[in-house]
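Novice: Sequence first, then the predicted structure, then my questions.
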Amino acid sequence: MKRNVKSLCACLLALAFCGCSVVQAVKLKDCTYEYSHISDVTFLEMTRSELLSIQGIARVTRFIKSPDETVRMGFTLHMKVTNPNKGIASMERLYYTVCLDDSIQVADGSIPANFTVLGGTSADLALPLSFSLNQLFSGQSKASVRKLAWNAIGRGDSPSKITVNLRPVIRVGGAAMSIPKSIPLIFEYPTPPEEQEN
């Protein structure tokens with residue numbers, strides 16, 4: 001009998017915990033995710049200010065003409081996450097894909113988030129992204145990658161369109177549970193000067 005009571009108590013506790021997690025997941029799903037700005041732009045291992053120097057422009061120009069070195073581009077994407085609910089919304093991991101000009105996927109991966117937003121408030125979620133450009137510098141993706149490289153040094157004639165698809169994950173009763181539908185964030189690079197941060 002005591003065993004049965006203990007088992008019942010354990011089940012009730014597990015259900016209570018799981019119910020709380022499901023509520024958190026629903027709250028997380030109901031949050032709004034807005035593009036805020038990008039910061040910490042790097043290309044050819046140079047920061048944005050270095051890229052805009054004479055040496056930086058020359059190096060990027062050489063890469064565009066002959067992309068024979070391993071090149072990574074990176075930036076931190078800042079999102080404004082707003083929780084319209086009364087309770088706390090939280091996530092433990094964030095899966096993402098990054099696409100150029102709608103269809104060219106340049107990166108995918110995940111980062112631990114450990115991110116919470118109090119009810120009725122907004123918070124900044126910073127997502128550091130990094131991807132290689134060499135393998136994309138051919139075929140149909142070449143023009144988009146070339147345009148992105150020109151934009152990195154302020155010489156592009158039109159902004160690059162970047163789409164980041166997000167899929168937050170929360171742990172429910174010991175199992176990972178992701179939001180069923182990806183959340184797309186679409187923005188242009190370079191962003192307007194007032195939105196840029198070095």
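Specialist: Perfect, I can see it now. Because the structure is predicted, anything quoted here is derived from the model rather than measured.
Novice: For the most centrally placed residue in the chain, give its distance to residue 49.
Specialist: In the chain, the centroid-proximal residue (Cα atoms, centre = their mean) is residue 127; its distance is 4.5 Å. Residue 127 sits 22 Å away from residue 49, taking Cβ to Cβ, to the nearest Å as the criterion. From N, CA and C alone the C-beta is placed, and that goes for glycine too.
Novice: For the residue nearest to the centre of the chain, pull up the helix or strand it's in.
Specialist: strand 121-132 (DSSP states H and E).
Novice: neighbouring contacts of that strand?
Specialist: Here strand 121-132 makes contact (Cβ atoms under 8 Å, 6 or more residues apart in numbering) with 33, 36, 40, 42, 70-83, 94, 96, 98, 106-107, 111, 113, 115-117, 164, 166.
Novice: Pull the number of nearby residues for residue 159.
Specialist: As a burial measure, residue 159 scores 15 neighbours (other Cβ atoms under 10 Å).
Novice: I'd like to check which residues are in contact with it.
Specialist: Going by Cβ under 8 Å, 6+ apart, the list of residues near residue 159 reads 151, 188, 189, 190.
Novice: Backbone torsions only: list them for the first one.
Specialist: Read it as residue 151. Note on residue 151: backbone dihedrals following degrees, to the nearest 10 are phi -70, psi -30.
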